[in-house]
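Asks: show me how the following folds:
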Amino acid sequence: MVEEIVRIEKRVFPKHESLAQSFEEELRKKNSGLLYSKFGGEIAGYVMYSWPSSLFASITKLAVKENHRRQGHGEALLKEAIQKCRTRSVHRISLHVDPSRGPAMSLYKKLGFQVDSLIEGYYSSDRNAYRMYLDFATD
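Replies: Numbers count the residues shown, from 1 in each chain. The predicted model follows:
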């Protein structure tokens, strides 16, 4: 399973953004999680998330194989990751996304994420990112 996810990681993300070299190390971190979906006997996509503190969590990766996109896999994975984070009683989930990734932006907004700020040079000197967040009501 890990090998298949690493292959997706290498295909979807540029080399300098890929966790392919350190994927198993990332999975061993005690405050992180991985969910994946299978379709037709193969992994269609995955989401990685972490909760570095009791107050907030982060979606660190979300990727769906090209031939499985626009079929609801990303949305289902993201919803499940949000639910897992909520069971830890976090108040906020954040993520970073390239503003040029329209389908990803649409999905995040559909699920309630809001743009917090633009971080110039986040991915590289010529690639920015939006920091987005989803807040939960506190009692």
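Asks: beta-bridge partners for Ser117, please?
Replies: Arg131 (DSSP bridges).
Asks: could you count how many residues lie near it?
Replies: Using other C-beta atoms under 10 Å, Ser117 has 10 neighbouring residues. Bear in mind the C-beta positions are built from the backbone N, C-alpha and C, glycine included.
Asks: just the helices from this protein, written as ranges.
Replies: Using DSSP state H, the helices of the chain run over 2-12, 23-28, 73-86, 102-110.
Asks: quick one: average confidence on the shortest one?
Replies: When you say that, I think you mean helix 23-28. When pLDDT is averaged over helix 23-28, the result is 70.
Asks: hang on, the earlier thing: Gly45 is nearest to which of the helices of the chain?
Replies: helix 73-86 (4.5 Å; C-beta to C-beta).
Asks: list the buried ones in that closest one?
Replies: 73-74, 76-78, 81-82, 84-85 (16 or more other C-beta atoms under 10 Å).
Asks: likewise for stretch 56-75?
Replies: 56-65, 68, 73-74.
Asks: surely Ser117 meets Tyr130?
Replies: Yes - the criterion here is C-beta atoms under 8 Å, and Ser117 meets it with Tyr130 at 7.4 Å.
Asks: ok so, going back, which of the helices of the chain comes out lowest on mean pLDDT?
Replies: Mean pLDDT is lowest for helix 23-28 among the helices of the chain, at a mean of 70.
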